[in-house]
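Undergrad: Got a predicted structure here, sequence first:
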Amino acid sequence: MVVAQLEPTPVVIRRGALIRRAAAIGAFGASAVAVHTAINLQRLRAPAAAGPNITERVSVLLPARNEAAHISDTVQSILAQEGLDDFELIVLDDGSTDDTAAIVRAIPDPRLKLVVGADDSLPAGWLGKPWACARLGDLATGSVLVFVDADVYFEPQAIRGAVELLRDQGFALVSPYPRQVAKSWLERLVQPLIVWSWCATVPLRWAEASSRPSLAAANGQFIVIDAQVYRAVGGHEAVASEVIEDVALMRAVKVMGQQAVTADGSKIAHCRMYATSQEVVNGYTKSLWSAFNGPAGSIAVNGLLLTAYVAPAAAMLVGRGRTRAIGAIGYAAGVTSRVLVAKRTGERSWPDALAHPISITAFTALNVLSWSRHRRGANSWKGRPVTAVN
């Protein structure tokens, strides 16, 4: 008996070709990023762990709103800084309803100044953090301004090293990225993408010299800026309505023609941004809608991420033969890029990096949720709206 062999239908062939093509494009992109990551990390600057004392006056500026759980450790770590001959720490209690102000007030140190602000309505056109930072900038008397968040812990030479990098290399702004601590499952899934994204994709040495705003990557947890430059660009008033005010401030510095640098601060500072899954969701959705210059930019960036890191993994799981092999190459490239960054910045490599495609998928979902909340006016943070009122 002769058994007829059925030929694959054109639809099946077309679908298989599309899967292979998507996997190939993604694998190529992921491999290129992995190579760029390895090169980039060789050029990544980091503040020195020891060196000569800083003799100029340094103003450390700390905005705090309902930070009773963290503020004492942060303030104590700043007051324990070494290598600063002349510095002040100004804490602005920005309308806290917890014990933030009382905790700071109980710390006896002549270098520490507490300013208590009322929980009033924000001025027209301002968001909460830029408004708090602007008030701190007005109070500062140093020639170097160091803006820090209230949940960051600093090693003893952290600020000295960051100021030294600023001055010795002739930068106007330095943003040392603290090590991002992640403990819960959603933190471990999403938080590593913060550091990975700029280490893997921003050409760091080109970005240092370029005035292109698109090459700015900064973290408001730890920003060091020359005081004259800060005031020349308009301070935080220039970024009053920006949700991601740290990146906007670096862009303003670049547009002015000054040099700014993103540095590896993982050995001198660390921060746990969010302690619960709900905080992760709320924290990211409040700002992701503004990260990529509008809906079209968000669609483009997330589409590229899904193509480079999810499509190959999907092809590896459901494809056959050559398609599966191509997918495996792309998946391995994505994991390699994550591991390289994690090892350099002190974050957890294994098994977290193996979930990179899931991390990218979660990031995309947070983008969608962020836009949904933004459209409904539902985004807020610490009891304040995330959209400035004009």
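TA: Received the coordinates, thanks. Numbering: from 1, shown residues only.
Undergrad: show me the residues around residue 41 that make contact.
TA: Residues in contact with residue 41 (CB atoms under 8 Å, 6 or more residues apart in numbering) are 199, 340-341, 344. Any C-beta I mention is one placed from the backbone N, CA and C, and that applies to glycine too.
Undergrad: mind running it again at 10 Å?
TA: Counting by CB atoms under 10 Å, 6 or more residues apart in numbering, residue 41 makes contact with 199-200, 204, 264, 337, 340-341, 343-345.
Undergrad: And for residue 35?
TA: Contacts for residue 35 (CB under 10 Å, 6+ apart) come out as 333, 336-337.
Undergrad: between the residues you listed, which is nearest residue 289?
TA: Closest to residue 289 out of those is residue 337 (25.8 Å), distances taken as CB to CB.
Undergrad: Which SSE is immediately downstream of the one helix or strand residue 60 maps to?
TA: Counting by DSSP states H and E, the element that carries residue 60 is strand 58-64. Note on strand 58-64: by DSSP H and E, the next helix or strand toward the C-terminus is helix 71-79.
Undergrad: Return the set of buried residues in stretch 295-312.
TA: For stretch 295-312, burial by neighbour count (16 or more other CB atoms under 10 Å) applies to 298, 301-302, 305-312.
Undergrad: Go through those residues and flag which are in helices.
TA: Among these, the ones falling in helices (DSSP state H) are 298, 301-302, 305, 311-312.
Undergrad: now stretch 207-214, how far from the chain's geometric center?
TA: Stretch 207-214 sits 17 Å away from the centroid of its parent chain (CA atoms, centre = their mean, to the nearest Å).
Undergrad: Can you check the distance spanned by it, start to finish?
TA: For stretch 207-214, the separation between the terminal residues is 9 Å (CA to CA, to the nearest Å).
Undergrad: do the same with stretch 89-100
TA: 15 Å.
Undergrad: can you give me the end-to-end distance of stretch 271-278?
TA: End-to-end distance of stretch 271-278 (CA to CA): 18 Å.
Undergrad: Give me the average confidence score over that stretch.
TA: Average pLDDT, stretch 271-278: 90.
Undergrad: now stretch 383-390
TA: 66.
Undergrad: Just the angle for the strand holding residue 60 relative to helix 71-79, thanks.
TA: Using axes from the mean of the first three to the mean of the last three CA atoms, to 10 degrees, the inter-axis angle of strand 58-64 relative to helix 71-79 is 170 degrees.
Undergrad: Go ahead and measure how far stretch 366-379 is from the middle of the chain.
TA: The answer for stretch 366-379 is 19 Å, by CA atoms, centre = their mean.
Undergrad: Let me see the contact set for residue 309.
TA: 26-27, 29-30, 33, 330-331, 333-335, 337-338, 356-361, 363.
Undergrad: Can you turn the buried part of these into a PyMOL selection?
TA: The buried residues among those can be selected in PyMOL (16+ other CB under 10 Å) with this line:
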select buried, resi 26+27+29+30+33+330+331+333+334+335+337+338+356+357+359+360+361+363
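Undergrad: just to revisit the earlier point, output the contacts of residue 41 in CSV, with distance to residue 126 appended to each entry.
TA: Listed next are the contacts of residue 41 as CSV, based on distance: CB to CB, whole Å:
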residue, distance to residue 126
199, 32
200, 34
204, 32
264, 32
337, 38
340, 40
341, 35
343, 40
344, 37
345, 33
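Undergrad: Excluding its own residues, what touches stretch 205-212? List them.
TA: Here stretch 205-212 makes contact (CB under 10 Å, 6+ apart) with 39-40, 42-45, 169, 171, 198, 203, 214-217, 250-251, 253-262.
Undergrad: Sort out for me which of those are in helices.
TA: Among the contacts of stretch 205-212, the ones falling in helices (DSSP H) are 39-40, 42-43, 198, 250-251, 253-255.
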